[in-house]
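> Got a sequence here, can you model it:
(chains A and B)
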Amino acid sequence: MRTKLFSLGIAFFLVATTGVFSANALSLVPESEPQPSITSCIAKHHRLEALMVVDESVSLIRAKGQNGKILPGTDMNDDRVTALKAVTQVLLDKVNDIDPKRRTEVSVALSGFGNGYVPHQKWMDLTSSSSTDFLEEIDKQSKRETSQYTRYHLALEGALKTFSEKESENGVTCRLLIWFSDGQHDDNDSGKVMSSAEESQVKKAICGENGFADRLRLQGVYTVAAGLNENERALGLMKLVSQGNGDIKLKNETLNSCGVVKPEGRFAVASGAGDLVETLVSLVEPDVGTPNTQPCTDENEVEEECSQISFVVGSEVSRFTLFVDRNDQDVVATLYSDQLGETKLFAKVSDPNIEQTLLSDNGAYVRVSRKQDGLINGRWTLKFRGENHAQARALVRFVGEATVNLTSVKPDGTRGTAKSIDRFETELLRVGVTAKTGGAVLEGARLEFKTRDGLVELQSYSEAGALVIPADELQRVLRNNPQLKDALEVELIVTPLGSVEGITDPKTGRNMPIDFGEFPSKLRITNGSGFPEYLGLDRSIEGVDATGHPIFKGTNKKTVGFKFKGASASDSVVTFDTELKSDIGLKFVSGQKCEVKKVVETTCTLELKPSRESNGSHPAVAKITSSVKDSSETQIGEIPLDLETLLPNDTSRGIKTALLLILAFLVIQGAQRFFFAWLISRYAPLSPTARRVRLDVTVDTSGQISIVNRLEIPVSDESFTFDNVESTLGFDAFGYSFKCSPTRTFLHSTSSPNGQVSRDGRHVIGSGGLITSKNETTAVGLVDLALRGQWILGVDLSEAQSLVGGSTAITAELIAFLEPYEKKSRDDQMGELEFTIASSNLGQYLALLIDNLNSKVEVEPEVLIDGGDVFVASNDDDVFGSGVSVFNSPTLAEKESTKSSRSRKKKRKDSDDGGDVPPFAVPSDDPFA
Amino acid sequence: MNDGFAIQADSPDEMVYPPRVLFGIAAVVVVASIVQLVPSFDHLFGYITALVGASLGGVVAVIDQKRRANSNYINFNWFSMSLKAIRYFALAAAAGNIAYLAIDAWQGKGII
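Numbering: from 1, shown residues only, chains lettered A, B, ... in the order given. Below you'll find the predicted structure:
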């Protein structure tokens, strides 16, 4: 049956091809190279990260000639700047694509290299508005040309780092490195022959296994390298890193390969700076061309000092772009259209169909879009007028939108959706390609099967407005091509072709092509019904993308589900070979054998893991062997996989980020706190009629106070607070020194700062508490900086000792700040003062003072040489060390809190001794107040 | 006695209040930073608002401290407690957002 059908197919093909031969062979369809992987990647993922790494060596502006003569550099007119701006416009064109399906999110960054790697512009999303900033940054490159060296290894290492710094979104992003240099790798100015260090950098750091070239490739970076040098051999290393071919001469050998990972990229060299725009733009956008200019003609009359480019825009063109280089400011560039009339370039353009971006004095990017249907149709002419018109030129690119329909046709004429084809059956494929604008059937399309190693072109012929891939051709390729003869799935890539009349690409000698993009479709390949049929990947498995492909993070394993339909006659077994073809060292973890029941759909679940960390898309092939039960017959199959990988989690980066943020928080808050501390560490001003008084008092250990003679206060013991009518850092009153330390406020509290009061020969207790230390002879009192209503108690040392000795009442002096008497009488305030002090924590303050004095007595005696005993204070309480002043010591309340927590258990046991001290009402600190 | 003096530093009729408006702004900013702790929200914004909120809290505390010196200061019990709470929340929000940002960085995203 199969042989019969096969013969029928051949007969059908022969009949068909006698009348209508291969469309591609006969039509005037321009030839073009297969799309680079970056184009396919963008078409699939619509996300692009483009990093420009630009040479900043001094050779751009001057070079050393013979006998030390200074010669002009390679890029005196900064054409690289114009070229990079032109590339930015190409990228922006992808962002603003008319066809929403082709629209791409683009992030861009700019770095320079020479002596080192210098990032100039961090990653930014490219949009119409943000592009201005990026173009301004590129403009600055014209001043960046002072580096002595051209260190490629630092450039590539830096590029790798910049790509790794880009915030990775979910899913795969295409990565493009645009690398420009005018010279060869130069690390130490060793001259024409490479030094040992330079050789090591080239052989190991750049081109060694897992060198920078390999690591860039594993990160999915497509490298576009543009060299500017008359001698292409000088740029051998750039070529090796980007394209993989080329050579570089070392001392004793020639290096003609770089890295072990398959290179992804392109290289081109511009012989002069004037060619840079074309070189660089062509690398990023292969469909541009520079048509030759013609003498201007008007009704068969040749116009003098004028050249032109003329073409006819058909309905299938949705937009076209021109990179106009007039070469001289005296040359006038004018764009003429049949329908839109005349537009003078390098001037303000008002036509809504035409957008102009000036790239330099002589360079402009012009984008003509089909905004109102039909308005851009017809003849367009770009004219250059002026003495130097002959040097003017333009890069042209035409873009169209198309739709592609794929249908399979059985020998009996039945049509179906082309989801699968049989390697041995005689189905043919019909490919219908029409332009979205105008709806015209396009003149042709390139039809290719994608394999791991490249594209395989398919022959086709035109029939009734569609391209037909005959069954014979399909069988020929699917049976004989070594890449496809065992394949169970293949990707058919349809690239619609079209061209523009009247404009010829000098590279091909044909009309300029129209870029319609490419249209991929997956086709499953069956091998008859005797073996299980591969149905594709199972999309319901967790962790796979929309197509069922796993997304690997680092070298973590992932589950993949392969769906099979059982053979028609009996059960079968599918065995996955251990050998997996991939550039990321893909390995099986489990599930290599799978039983497939007859006719039933079964998902074979496998676990895979890569052995290399990478980022991007990586094609792989899984080999299977299908065997039918009770039969010795087996069949080999290959399943292509488009693996997506992401770099693994980076712990050090996480820690680094956390530390950086904590540090930033602490520094900002610390600086602010110190400023506030300095600002508020001052005693507040008081009314000049407010009073301060010194009073003799008797105090008992419970904190009760009695003013000895409140009615008759000597004049010397009462005064206005003239010292305090303005805020002040410190003052003296009645022999007591009032101070306020910003450092202490910073360390303790900016919301409740305290002032410290001290006096030689007296322990001071303040209304805010006291600070005691075993090192210090006297206690220091604490008061509120507001001063209003504040008081201090000065206790003579001998009186304090009597307290330690068991005395219950002592004499002391009380300093108090009172309200103006016109507000409240002195007597009233005296009464209130007694009450306030009695209801304060004075009793506890005194208890702690006694504790502190007792602890000094308990210190071990030190025997002096003369035989006398002295008591040496221990350092126990000086938490900041002996070098720190008492003002930085913790307050009594703070110390008590620590002490109480330490001795809580002990105190519970001894609760009947009455020595437990309740916590104080001293304000506690805010977290960073 | 110097009772005849009649100079007044404080106007007796003018009441002085804690900086309630600035406190409200600080509270709103801190709440905004807390909201950013929702996993899908912007943690960098959360961190920055926490930082701003904490700083505003500091400013409020200082202004309040200055005003307390005035004899016409009206003390609200809730104010100092709320201010302290807001500043603790700002600290917690900053810590939470830092944790999220660290996890993001660990996963390959993030600010550095």
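
> What's the local residue count around residue A:386?
19 (other Cβ atoms under 10 Å in any protein chain shown). Backbone N, C-alpha and C define where each C-beta goes, glycine included.

> can you pull the contacts of it?
Counting by Cβ atoms under 8 Å, 6 or more residues apart in numbering or on different chains, residue A:386 touches A:305, A:326, A:328, A:330, A:331, A:332, A:392.

> Leaving out chain neighbours, which residue sits closest to it?
Leaving aside its sequence neighbours, residue A:386 sits nearest to residue A:331 (Cβ to Cβ, 6 or more residues apart in numbering or on different chains; 3.7 Å).

> and the most centrally placed residue in chain B, what element?
Note on chain B: the residue nearest the mean C-alpha position is residue B:57, at 1.8 Å, using Cα atoms, centre = their mean. Element membership for residue B:57, per DSSP states H and E: helix B:43-68.

> That helix: how far from the chain's middle?
How far helix B:43-68 lies from its chain's middle: 4 Å, per Cα atoms, centre = their mean, to the nearest Å.

> tell me which strands and helices that helix is in contact with?
Where contact means 3 or more Cβ pairs under 8 Å, 6 or more residues apart in numbering or on different chains; DSSP states H and E, helix B:43-68 is packed against helix A:651-680, helix B:20-35, helix B:77-106.

> Apart from its chain neighbours, what residue comes closest to residue A:572?
Leaving out its chain neighbours, the residue that sits closest to residue A:572 by Cβ to Cβ, 6+ apart is residue A:628, at 4.7 Å.

> Distance of that neighbour relative to chain B?
Distance, residue A:628 to chain B, by Cβ to the nearest Cβ, to the nearest Å: 46 Å.

> Tell me the predicted confidence for that residue.
If you check residue A:628, the pLDDT there is 85.

> ok, residue A:661 - contacts?
So residue A:661 contacts B:47, B:98, B:101, B:102 (Cβ under 8 Å, 6+ apart).

> from those residues, which single one is nearest chain A?
Nearest to chain A among the contacts of residue A:661, counting by Cβ to the nearest Cβ, is residue B:102 at 3.7 Å.

> hmm, back to that, determine the number of other residues adjacent to the residue nearest to residue A:572.
Neighbourhood size, residue A:628 [other Cβ under 10 Å]: 21.

> One more: residue A:112?
Residues contacting residue A:112 under the criterion other Cβ under 10 Å number 24.

> and if you look at the one 5 residues further on?
By other Cβ under 10 Å, the residues close to residue A:117 number 20.

> Run through the bridge partners of it.
Here residue A:117 shows beta-bridge partners residue A:113, assigned using DSSP bridges.

> Could you list every helix and strand that the helix or strand where residue A:832 lies packs against?
Taking DSSP H and E as the criterion, residue A:832 maps to helix A:826-838. Applying 3+ Cβ pairs under 8 Å, 6+ apart, one finds that helix A:826-838 makes contact with strand A:705-707, strand A:791-796, strand A:809-818.

> for the longest one, packing partners?
Counting by 3+ Cβ pairs under 8 Å, 6+ apart, the packing neighbours recorded for strand A:809-818 are strand A:691-700, strand A:791-796, helix A:797-804, helix A:826-838.

> quick check: angle from it to helix A:797-804?
Angle, strand A:809-818 to helix A:797-804, by axes from the mean of the first three to the mean of the last three Cα atoms, to 10 degrees: 120 degrees.

> so how far is strand A:809-818 from its chain's centroid?
With Cα atoms, centre = their mean as the basis, the mean position of strand A:809-818 lies at 68 Å from the chain mean.

> who's in contact with that strand?
By Cβ under 8 Å, 6+ apart, the surrounding residues in contact with strand A:809-818 are A:686, A:690-701, A:705, A:707-708, A:721, A:733-734, A:736, A:787-796, A:799-800, A:802-803, A:826, A:829, A:833, A:837.

> 7 Å instead, please
The set of residues external to strand A:809-818 that reach it, using Cβ atoms under 7 Å, 6 or more residues apart in numbering or on different chains, is A:686, A:690-700, A:721, A:733-734, A:736, A:787-795, A:799, A:802-803, A:829, A:833.

> Then the first one?
Outside of strand A:705-707, the residues within contact range by Cβ under 7 Å, 6+ apart are A:695, A:697, A:698, A:699, A:830, A:834, A:837, A:838.

> show me the contacts for the first one.
Going back to what we said before, that points to residue A:695. With contact taken as Cβ under 7 Å, 6+ apart, residue A:695 is in contact with A:707, A:710, A:713, A:813, A:814.

> for the fourth one, same thing?
Contacts were defined as Cβ under 7 Å, 6+ apart; by that measure residue A:699 touches A:705, A:793, A:809, A:810, A:812.

> Mind doing that once more with 6 Å?
Applying Cβ atoms under 6 Å, 6 or more residues apart in numbering or on different chains to residue A:699 gives the contacts A:705, A:810, A:812.

> of all those residues, which comes closest to chain B?
Nearest to chain B among the contacts of residue A:699: residue A:705, at 24.1 Å, using Cβ to the nearest Cβ.

> strands paired with the helix or strand encompassing residue A:732, and their directions?
Secondary structure from DSSP H and E places residue A:732 in strand A:730-733. If you go by DSSP bridges, strand A:730-733 pairs up with strand A:736-739 (antiparallel).

> which residues sit against the partner strand?
By Cβ under 6 Å, 6+ apart, the list of residues contacting strand A:736-739 from outside reads A:730, A:731, A:755, A:756, A:757, A:758, A:759.

> Could I get the contacts of residue A:699 in a markdown table, plus columns for neighbour count and distance to residue A:231?
Formatted as a markdown table, those follow (neighbours: other Cβ atoms under 10 Å in any protein chain shown; distance: Cβ to Cβ, whole Å):
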| residue | neighbour count | distance to residue A:231 |
| --- | --- | --- |
| A:705 | 22 | 99 |
| A:810 | 19 | 100 |
| A:812 | 22 | 97 |
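
> With pLDDT as extra columns, can I get those in CSV?
Converted to CSV, these look like this (pLDDT from 0 to 100):
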residue, pLDDT
A:705, 87
A:810, 89
A:812, 92
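
> quick revisit: and the helices and strands packed on helix A:826-838, which one averages the lowest pLDDT?
In terms of mean pLDDT, the lowest-scoring of those is strand A:705-707 (a mean of 86).

> Low-confidence stretches in chain B?
Within chain B, the ranges that satisfy pLDDT under 70 run B:1-13, B:108-112.

> try 80 this time
B:1-14, B:65-66, B:68-71, B:107-112 (pLDDT under 80).

> Give the residue farthest from the middle of chain A.
In chain A, the residue that sits farthest from the middle, by Cα atoms, centre = their mean, is residue A:712; the gap is 79.2 Å.

> what residues are up against the nearest residue to residue A:636 once chain neighbours are set aside?
Distances taken as Cβ to Cβ, 6+ apart place residue A:486 nearest to residue A:636, at 5.0 Å, with adjacent residues excluded. Residue A:486 makes contacts with A:636, A:637, A:638, as judged by Cβ under 6 Å, 6+ apart.

> CA atoms only for stretch A:462-481 - export them in PDB, please.
The C-alpha coordinates for stretch A:462-481 follow below in PDB (Å, rounded to 0.1, in the frame of the first residue of the first chain):
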ATOM      1  CA  SER A 462       3.300  27.900  -7.200                       C
ATOM      2  CA  GLU A 463      -0.200  26.700  -7.700                       C
ATOM      3  CA  ALA A 464      -3.500  28.600  -7.400                       C
ATOM      4  CA  GLY A 465      -2.000  31.400  -5.300                       C
ATOM      5  CA  ALA A 466      -0.200  29.100  -2.900                       C
ATOM      6  CA  LEU A 467       3.200  27.500  -2.600                       C
ATOM      7  CA  VAL A 468       3.100  23.700  -2.700                       C
ATOM      8  CA  ILE A 469       5.700  21.500  -1.100                       C
ATOM      9  CA  PRO A 470       5.200  18.200  -3.000                       C
ATOM     10  CA  ALA A 471       5.000  14.900  -1.100                       C
ATOM     11  CA  ASP A 472       8.100  13.700  -2.900                       C
ATOM     12  CA  GLU A 473      10.100  16.700  -1.700                       C
ATOM     13  CA  LEU A 474       9.000  16.200   1.800                       C
ATOM     14  CA  GLN A 475       9.900  12.500   1.700                       C
ATOM     15  CA  ARG A 476      13.200  13.200   0.100                       C
ATOM     16  CA  VAL A 477      14.200  15.600   2.900                       C
ATOM     17  CA  LEU A 478      12.600  13.600   5.700                       C
ATOM     18  CA  ARG A 479      14.100  10.300   4.700                       C
ATOM     19  CA  ASN A 480      17.500  11.400   3.400                       C
ATOM     20  CA  ASN A 481      18.600  14.400   5.400                       C
END
